[in-house]
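S.K.: sequence and computational prediction follow.
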Amino acid sequence: MTKLEKIYEGKAKILYTTEDPDLLIQYFKDDATAFNAQKKGTIAEKGIMNNHIAAKIFKHLAAEGIESHFVELLNDREMLVKRVQIVPLEIIIRNRAAGSLCRLLGLTEGMTLASPTLEFCYKDDALGDPQVNEYHIRALKWASDDEIRSITTEAFRINEVLKKFFLNLKIELIDFKLEFGRVQNRIILADEISPDTCRLWEIGTGNKLDKDRFRRDLGHVEQAYQEVLRRVSQ
Ligand code: UDP
């Protein structure tokens, strides 16, 4: 597969067309942003680590019957993916309180939630990805009722699979963000799942192995991503 035309460049990834109109190449960059891109930087070799981590996770999800846009790993920074029409929503699932939920409700970081929660955010950088609910999604035609149902069911299923997957690696899945896309008449998981998009705490020590190390200047950012890659590669 060769890269033909750049069709999209985001904060962490670039998408290119290929000879096959149904397939794209997803290229992972080292750029990192936080707080709605107010904080910018790079994490050395993050693109390589996230590409490999996301590939491992997508393969594990496929083995558990969860379809994603992932087709195959091409090289250190690129994966081949199905071309989808992205639903303009970020789906956030949480198992413990952290980040924006703590700010919203005045909760202590790490507080256990009695059951997982789900939030929809409208993907719009200029607006700071505001939280929305199903009524907004329907009223603005971002997704149909069926699509909302299927996204919700799939997101909670992915949570169960990923919680177990990380638990085996002595990592607790605190929260994460998903994006979905349309292909033919289906909705499938898209984008990436990596330490950029999840909160991952080492079991026993509580060490953060995710982008919070960059957001909060905790140091050892590259080492944390490397440690996640090492564990998912076991
Ligand atoms: N997240 C993400 N992209 C976003 C917003 C959030 O990948 O644009 C992830 C984030 O890494 C965390 C989870 O979603 O794992 C919940 O993020 P939160 O709402 O707490 O926002 P934050 O405080 O991280 O900005």
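M.R.: Yep, it's here.
S.K.: give me the number of residues near R186?
M.R.: Neighbour count of R186, defined by other CB atoms under 10 Å: 12. Using the backbone N, CA and C atoms, a C-beta is placed for each residue, glycine as well.
S.K.: ok, what's across the strand from it?
M.R.: Per DSSP bridges, the residues bridged to R186 are V183.
S.K.: one more: V132?
M.R.: Beta-bridge pairing for V132 (DSSP bridges): F120.
S.K.: surely it meets R138?
M.R.: No: contact criterion CB atoms under 8 Å: V132 and R138 do not qualify, at 10.3 Å.
S.K.: tell me the spacing between the residue in the chain that the ligand sits nearest to and E227.
M.R.: Using CB to the nearest ligand atom, the closest approach of the chain to the ligand is made by G99 at 2.2 Å. Plainly put, G99 is 21 Å away from E227 if you go by CB to CB, to the nearest Å.
S.K.: so which of the two has more stuff around it?
M.R.: Neighbour count, other CB under 10 Å: between G99 and E227, E227 has more, with 19 against 15.
S.K.: name the helix or strand for the more buried one, please.
M.R.: helix 221-232 (DSSP states H and E).
S.K.: strands of the chain, start to end?
M.R.: Counting by DSSP state E, the chain has strands at residues 6-9, 13-17, 23-28, 31-34, 39-42, 70-75, 78-82, 85-86, 89-96, 112-122, 131-132, 171-183, 186-190, 198-202.
S.K.: what helices and strands are in contact with the last one?
M.R.: So that's strand 198-202. strand 171-183 (3 or more CB pairs under 8 Å, 6 or more residues apart in numbering; DSSP states H and E).
S.K.: 10 Å instead?
M.R.: strand 89-96, helix 145-167, strand 171-183, helix 212-215, helix 221-232 (3 or more CB pairs under 10 Å, 6 or more residues apart in numbering; DSSP states H and E).
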